[in-house]
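Asks: Just to be clear, the model below is a prediction. Sequence and coordinates:
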Amino acid sequence: MNILFVHQNMPGQYRELVKWLAAQEQHQIYFLTQKKDAPTLRGIRTRIYKPHRKPDKDAYGLSKVWEEAVGSGFGAAMAARRLETEEGFVPDIVIGHVGWGELTFFKQVWPEVPIIGFFEYYYNLKGGLVGFDPEEPVSAHAPFLMQARNAVPLANIEVVDQGHVPTFWQRDRFPTSFHDRMYVCHDGIRTDKLRPDPDVELRLGRLDAPLTREDEVLTYVARNLERARGFHVFMRALPRIMQERPSARVLIVGGNDVSYGGKSDNPKGLRGEMEQEVGDQLDWDRLHFLGRIPYPDYQKLVQLSRCHVYLTMPFVLSWSLLESMSMGATVVAADVAPVREAITHGKTGLLVDFFDSDALAKQVVEVLAEPQKFAHLAKAARAHVVSEYDFLKKCLPEHLGQINALLPLDKQITIP
């Protein structure tokens with residue numbers, strides 16, 4: 001079968017699905033992306049496309065996102081047409097992310113080819129990132145700008161034959177008229193590979209001996225150290241945590257850029273801002289900013305963690321939360337709706353008020369001081385992720401079922 005994936009940041013949410021399909025060695029798979037340094041994946045033909053146009057820097061704010069989306073969409077459509085005219089490739093199905101407009105014109109290229117579109121986020125004034133944090137006041141123009149951003153999913157719900165969202169919270173951000181045209185299923189976590197490891201060791205440059213499960217390690221992981229992922233709240237909790245747990249070592253993973261929300265006014269980013277605020281209260285010998293690290297090192301870091309903190313405003317759930325649960329971490333997380341979909345307080349993890357750094361510190365101190373008291377949470381967390389989010393046993397069958405529902409019998413995919 002011929003399958004075309006489309007995602008500007010390959011492989012995106014298709015990390016596991018595209019690799020599994022390629023491993024079957026039964027399909028011709030192409031991947032359209034804007035990512036110039038896209039990973040080379042065995043069995044997948046990657047093609048880079050350029051947006052046909054990008055909006056000017058001073059483009060009108062209410063139409064800027066749409067202008068960028070149709071520029072990407074037309075660029076992707078022209079690249080798709082070249083796949084047919086230059087390489088003879090016509091897909092039996094297209095699977096891609098709608099958020100950047102890449103799929104907008106695909107029915108103009110292949111009217112009869114079914115499309116499954118990934119719908120990630122719909123902007124609302126309440127219940128999400130905007131307006132959640134009092135430290136980030138909402139401008140008078142915010143409702144108009146957010147609705148303007150929604151032009152992309154509003155247009156694309158009529159383009160796709162089936163929509164896909166990874167969580168119920170994300171689905172419920174969209175208008176109810178979308179819901180019957182969407183299926184809910186997570187991308188999937190490889191729980192067979194992401195497991196606890198009692199013998200794990202991790203070496204850090206300024207330590208003579210590797211860290212092990214015997215060490216008192218507190219971890220925090222985010223793509224970037226930003227407000228949307230609660231970095232400021234975590235930093236405000238650290239002085240009390242480090243004071244009350246004098247042997248605790250804190251490992252922080254994340255870049256110093258911004259993925260979501262506004263940037264800090266500090267030239268060194270939010271990290272610089274928080275270092276100014278609480279830096280003189282911290283023991284820097286036990287605090288490690290690791291930046292972005294290779295995936296195997298991230299895995300070891302979580303496996304040796306005595307307590308793993310996951311903070312987020314109401315927003316898209318990070319893979320890192322489910323991965324840490326799969327690896328048997330005791331998680332202290334923000335008590336917000338998307339997190340409550342994955343964690344039940346006192347059963348599979350511990351939830352605290354996002355804004356209450358003192359409550360966060362108190363809960364983390366308890367976990368660090370008495371790890372055995374909370375060990376049952378880690379075991380239950382892994383069992384829950386295996387049951388509800390495992391890629392091979394739970395998510396893959398659902399994704400393939402949705403794909404097959406759009407294909408004739410002779411094209412359908414089976415699980416060996």
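Replies: Perfect, I can see it now. Numbers count the residues shown, from 1 in each chain.

Asks: give the contact list for the closest residue to Pro371 other than its chain neighbours.
Replies: Nearest residue to Pro371 in three dimensions, chain neighbours excluded: Arg306, at 5.3 Å (CB to CB, 6 or more residues apart in numbering). Any C-beta I mention is one placed from the backbone N, CA and C, and that applies to glycine too. By CB atoms under 8 Å, 6 or more residues apart in numbering, Arg306 lies in contact with Arg213, Asp215, Glu216, Val217, Leu218, Thr330, Val367, Leu368, Pro371.

Asks: Leaving out sequence neighbours, find the closest residue to Val221.
Replies: Val253 (4.4 Å).

Asks: ok, back up a step: confidence score at the residue nearest to Pro371?
Replies: Looking at Arg306, its pLDDT stands at 98.

Asks: State the distance from it to Arg245.
Replies: 10 Å (CB to CB, to the nearest Å).

Asks: likewise His384?
Replies: For His384 relative to Arg245 (CB to CB), the value is 28 Å.

Asks: on that earlier part again, find the residues that touch each one of Arg306 and Arg245.
Replies: Common neighbours of Arg306 and Arg245 (CB under 8 Å, 6+ apart) are Glu216, Leu218, Leu368.

Asks: mind putting the residues you listed in TSV, distance to Ala359 included?
Replies: Putting the shared contacts of Arg306 and Arg245 into TSV (distance: CB to CB, whole Å) gives the following:
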residue	distance to Ala359
Glu216	20
Leu218	16
Leu368	15
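
Asks: now, among those, which is nearest to Thr176?
Replies: Comparing the shared contacts of Arg306 and Arg245 against Thr176 with CB to CB places Leu218 closest, at 41.4 Å.

Asks: Might one say that that closest one is in contact with Cys307?
Replies: Yes. Using CB atoms under 8 Å, Leu218 is in contact with Cys307, at 5.2 Å.

Asks: Now do the spatially most central residue of the chain against Ser324, distance only.
Replies: Nearest residue to the geometric centre of the chain (CA atoms, centre = their mean): Ser318, 3.9 Å. Going from Ser318 to Ser324 by CB to CB gives 9 Å.

Asks: so what sits against both of these two?
Replies: Tyr310.

Asks: check contacts around Leu145.
Replies: Contacts of Leu145 by CB under 8 Å, 6+ apart are Gly61, Leu62.

Asks: what about the helices in the stretch 1-150 of the chain?
Replies: Taking DSSP state H, counting those that start in this stretch as the criterion, the stretch 1-150 of the chain carries its helices at 15-23, 61-87, 106-109, 142-149.

Asks: actually the stretch 301-416 of the chain, not the one I wrote
Replies: 319-326, 337-340, 357-369, 375-388, 396-404.

Asks: Of all those, which one comes closest to Leu21?
Replies: With CB to CB as the measure, helix 396-404 is the member of the helices of the stretch 301-416 of the chain nearest Leu21 (9.1 Å).

Asks: And the residue lying closest to Gly188 once chain neighbours are set aside, how far from Phe315?
Replies: Among residues not flanking Gly188 along the chain, Phe391 sits closest, at 2.9 Å (CB to CB, 6+ apart). The gap separating Phe391 from Phe315 is 22 Å, by CB to CB.

Asks: contacting residues for Lys263?
Replies: When contacts are counted by CB under 8 Å, 6+ apart, Lys263 touches Gly269.

Asks: what do you get for Ala381?
Replies: Met325, Ser326, Gly328, Ala329, Thr330, Val331, Ile343, Thr348, Gly349.

Asks: Hmm, the fourth one is touching Val309, no?
Replies: So that's Ala329. No. Applying CB under 8 Å as the test, Ala329 and Val309 come out as separate, 9.8 Å apart.

Asks: what residues do these two have in common as contacts?
Replies: Thr219.

Asks: I'd say Ile415 and Cys395 touch.
Replies: No. Applying CB under 8 Å as the test, Ile415 and Cys395 come out as separate, 11.9 Å apart.

Asks: Of these two, give the one with the bigger neighbour count.
Replies: Cys395 (20 against 10; other CB atoms under 10 Å).

Asks: Domain-wise, how is the protein divided?
Replies: Taking automatic domain parsing as the reference, the chain has its domains at 2-188+390-411, 217-388.

Asks: Highest mean neighbour count out of those domains?
Replies: Most buried of the domains of the chain, by mean neighbour count (mean count of other CB atoms under 10 Å): domain 217-388, with a mean of 19.

Asks: Compute the first-to-last residue distance for it.
Replies: For domain 217-388, the first-to-last residue distance is 28 Å (CA to CA, to the nearest Å).

Asks: Just give me how far that domain sits from the chain centre.
Replies: Domain 217-388 has its C-alpha centroid displaced from the chain centroid by 15 Å (CA atoms, centre = their mean, to the nearest Å).

Asks: With stretch 93-100 instead?
Replies: 16 Å.

Asks: Report the mean per-residue pLDDT for it.
Replies: Mean predicted lDDT for stretch 93-100 stands at 98.

Asks: just stretch 20-36 next, same as before
Replies: Mean predicted lDDT for stretch 20-36 stands at 97.

Asks: same question, stretch 123-141
Replies: 89.

Asks: got it, and stretch 178-198?
Replies: 98.

Asks: all helices in the stretch 151-300 of the chain, in order from the N-terminus.
Replies: Secondary structure of the stretch 151-300 of the chain by DSSP H, counting those that start in this stretch: the helices cover 151-156, 168-173, 176-179, 231-244, 269-278, 295-303.

Asks: any idea of the angle the last one forms with helix 319-326?
Replies: Helix 295-303 runs at 60 degrees relative to helix 319-326, counting by axes from the mean of the first three to the mean of the last three CA atoms, to 10 degrees.
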